[in-house]
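Trainee: please find the sequence and the predicted model below.
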Amino acid sequence: MRPWRAVRASGEVTVWWAALFALWLVLISTVDPLELLVGAAVSLLGALAARAGRRAVHDE
Amino acid sequence: MNGWTTTATVALAGGLGATLWGAATGPLHRRAVAQNLASAVTAPALLLLAQGYGRPAYVDLALVLALLGPVGTLVFARLLAGELADGGQSPGGRGPTLAVAAYGALVVVVLCAVTGPSRAMVKLLVVGVLLVAGNLIASKALSGGFGTAGASAGKNAGQERESNGRG
């Protein structure tokens, strides 16, 4: 059971991260490596916060 | 002055003027609807001004307004839930809300066509979706569409969930 939960959790964080990173890419004015690095990092933070927020409402 | 800025000026003078008047006078429910429409009228005008002045960075203003306008309306809908439900007025405001949503969608589509396929166009689409969806969701919340009116918020929400399940 536990490994399956870990796979689901990492899958959810990955989907959130991809969506947030795509939004970052759309909203920045110029695409350069530093922007990509910062965007990837803050998207990961946002993805973790999004999962935590969703689980606070629907714990499953 | 060009076509974009002229259109934006006319929309601001007519639309924002009317919504400010609506928010400053009249019964509570109409004032709440009017303040919701104020941000929905202003954001497309900011998009038109960004195009008219050739400053894509100004699109960010419309983005922020499209995001925060509906959030502010949701706060009003929550805080004034009792008064809005007790007023005994019909929800109303459907026509102007749909007209403003259609105007926002039209502005975004025209600007997308002018911009052409690019990152800027995707950004415009993001702003447009936030604008139209936020406006419609906030106006639904104002008319009690999410069943959060008054002290019986939890009960109503539960009933709505049940009826959704049946539907």
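Mentor: On my side now, so go ahead.
Trainee: residues near B:F146, how many?
Mentor: Burial of B:F146 is recorded as 18 neighbouring residues (other Cβ atoms under 10 Å in any protein chain shown). The C-beta positions use only the backbone N, C-alpha and C, and glycine is treated the same way.
Trainee: just the helices in chain B please.
Mentor: Taking DSSP state H, the helices of chain B run over residues B:3-11, B:17-24, B:28-52, B:59-79, B:81-86, B:94-115, B:119-142, B:153-166.
Trainee: need the winner for burial among these.
Mentor: helix B:28-52 (a mean of 23; mean count of other Cβ atoms under 10 Å in any protein chain shown).
Trainee: which other helices and strands does that helix contact?
Mentor: If contacts are counted by 3 or more Cβ pairs under 8 Å, 6 or more residues apart in numbering or on different chains; DSSP states H and E, helix B:28-52 sits against helix B:3-11, helix B:17-24, helix B:59-79, helix B:81-86, helix B:94-115, helix B:119-142.
Trainee: ok, which of the helices of chain B comes nearest A:L20?
Mentor: helix B:119-142 (12.5 Å; Cβ to Cβ).
Trainee: just how off-centre is the closest one within its chain?
Mentor: Relative to the centre of its chain, helix B:119-142 is centred 8 Å away, using Cα atoms, centre = their mean, to the nearest Å.
Trainee: ok, and for the strand or helix carrying A:A49, which residues are buried?
Mentor: Assigned by DSSP states H and E, A:A49 belongs to helix A:33-57. For helix A:33-57, a neighbour-count test (16 or more other Cβ atoms under 10 Å in any protein chain shown) marks A:39, A:43-44, A:46-47, A:50-51 as buried.
Trainee: so is that helix next to chain B?
Mentor: No. Figure legend: helix A:33-57 not in contact with chain B (Cβ under 8 Å from any Cβ of the partner chain); closest approach 12.2 Å.
Trainee: check B:G54 and give its pLDDT.
Mentor: We note a pLDDT of 90 for B:G54 in this prediction.
Trainee: repeat that for A:R54.
Mentor: Looking at A:R54, its pLDDT is 92.
Trainee: for it, give me its contacts.
Mentor: Neighbouring residues of A:R54 by Cβ atoms under 8 Å, 6 or more residues apart in numbering or on different chains: A:E12.
Trainee: how near is it to B:A57?
Mentor: 33 Å (Cβ to Cβ, to the nearest Å).
Trainee: before we move on, what about A:G11?
Mentor: Distance check for A:G11 against B:A57: by Cβ to Cβ, it reads 36 Å.
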